[in-house]
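Peer 1: below: sequence and its predicted model.
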Amino acid sequence: SGIDKFSSKRYEGALADFDKAIEMKPNFEKAIYNRGITKHQLKDYEGAIADFDASILINKNPESYFSRGQSKYALGKKEEALQDYTEAVAVNADHAKAYYYRGGIKFENGEYQAAIDDYTEAIRVKKNYAYAYNDRGSAKRQLDDFAGAIIDYRKALNVDNDLAFVHNNLGSALRKKGDFKGAIQEYTKAIGLDNSYYIAFNNRGSARYDAKDYEGALADFDKALALKSDYAYALNNRASAKFKLEDYKGCVDDCTKAIGLDANYGYAYLNRGNAKELLRDEKGACEDWSKAVEFGAEGARTHLSGCN
């Protein structure tokens, strides 16, 4: 049947079966809905939306509103998707996924408290919703509620301790609280679960840098860059570690690479300027500090006072 084929990801076959069912019974709402979710899997989002529209006309099924929201989001129509998730929870006040995805759009829009409220509703309905705990933690982090974020990340890990990205997020919240040792432990767990997690290597390097372990930081930035050579943040971070280890030429080289990837990277100009000063290239240092200020690295302003 179409449902069996859909379940085993044979979407083309499922589509043909649902087409036949609808041909025989044009108002077969369940088949129209199932054809819609099949079209969504085949990335025919416009076709999926047409089916969800037809399904809603027959029966205001919350799943049709939710799924139409997913297809609209896939087309970049975020505000329309948000309206559909709202329709879904109006029909079914216990639709955990609709709250969760609506929270995601609010998070993307910078409405962090509203996102927290939606993630909380998702968790009310589904107590063990690890992703909702994680994302609520991230919204709290955006509001500088690092203690609240840490609690939520730990709740997510109580549900599923094998989520590498949650260990990474917990590490970042602990780092913000100044617990560098705890942060390093969480980043290490993330890397243990996914040894290609270049962001976690970079973040662990940053925590080691904060803990004044510059050799350890350098090794982690090297690993991050071995996995992703065009990672501008890791290049600038490695430059900072090289500066602390008095490798000023290496610092300049990494900053130059970072700037090559992002010409507006203020902190890379700041770091390069600092290294050039110690290499006695005062003109180059002043030019870099000027660029740093232009691109938002205000810390360079104090250096500029000594430039002509």
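Peer 2: Received it, and whenever you're ready, just let me know what you need.
Peer 1: just for the stretch 1-150 of the chain, where's the confidence low?
Peer 2: By pLDDT under 70, the stretch 1-150 of the chain contains no weakly predicted segment.
Peer 1: residues contacting the nearest residue to Asn203 once chain neighbours are set aside?
Peer 2: Nearest non-adjacent residue to Asn203, counting by Cβ to Cβ, 6 or more residues apart in numbering: Tyr187, 5.3 Å away. All C-beta atoms are positioned from the backbone trio N, CA, C, and that covers glycine. Residues in contact with Tyr187, defined by Cβ atoms under 8 Å, 6 or more residues apart in numbering, are His167, Asn168, Gly171, Ala200, Phe201, Asn203, Arg204, Ala207.
Peer 1: packing partners of the helix or strand where Ser206 lies?
Peer 2: Here Ser206, judged by DSSP states H and E, is contained in helix 198-210. Helix 198-210 sits against helix 164-176, helix 180-193, helix 214-227, helix 232-244, with contacts defined as 3 or more Cβ pairs under 8 Å, 6 or more residues apart in numbering; DSSP states H and E.
Peer 1: with distance to Ile151 as added columns, please give the ones you listed in a markdown table.
Peer 2: Converted to a markdown table, the helices and strands packed on helix 198-210 look like this (distance: least, Cβ to Cβ, whole Å):
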| stretch | distance to Ile151 |
| --- | --- |
| helix 164-176 | 9 |
| helix 180-193 | 14 |
| helix 214-227 | 27 |
| helix 232-244 | 27 |
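Peer 1: which among those helices is found nearest to Gln142?
Peer 2: For Gln142, the closest of the helices and strands packed on helix 198-210 is helix 164-176, at 11.2 Å, according to Cβ to Cβ.
Peer 1: residues in contact with the closest one: which ones?
Peer 2: With Cβ under 8 Å, 6+ apart, helix 164-176 has contacts from 130, 134, 137-138, 141, 146, 149-150, 153-154, 156-157, 160, 180, 182-187, 189-191, 193-194, 197, 199-200, 203-204, 206-207, 210.
Peer 1: drop anything exposed from the residues you listed.
Peer 2: Applying 16 or more other Cβ atoms under 10 Å to those, the neighbour count classes 130, 134, 137-138, 141, 146, 149-150, 153, 156-157, 180, 182-187, 189-191, 193-194, 197, 199-200, 203-204, 206-207 as buried.
Peer 1: now do stretch 177-196: distance to the chain's middle.
Peer 2: 17 Å (Cα atoms, centre = their mean, to the nearest Å).
Peer 1: again with stretch 140-157
Peer 2: With Cα atoms, centre = their mean, you get 15 Å for stretch 140-157.
Peer 1: for stretch 292-308, same thing?
Peer 2: 31 Å.
Peer 1: C-alpha coordinates for that stretch, CSV please?
Peer 2: What follows is stretch 292-308 as a C-alpha-only set of coordinates in CSV (Å, rounded to 0.1, in the frame of the first residue of the first chain):
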residue,chain,number,x,y,z
ALA,A,292,39.5,46.6,13.0
VAL,A,293,37.6,49.7,14.3
GLU,A,294,35.9,50.1,10.9
PHE,A,295,34.6,46.5,11.3
GLY,A,296,33.4,46.8,14.9
ALA,A,297,36.4,45.6,17.0
GLU,A,298,36.3,48.6,19.3
GLY,A,299,39.3,47.3,21.4
ALA,A,300,41.6,48.5,18.6
ARG,A,301,40.7,52.1,19.3
THR,A,302,43.1,52.3,22.2
HIS,A,303,46.0,51.1,20.0
LEU,A,304,45.1,53.7,17.3
SER,A,305,45.9,56.6,19.7
GLY,A,306,49.6,55.9,19.2
CYS,A,307,49.3,56.0,15.4
ASN,A,308,50.0,59.0,13.2
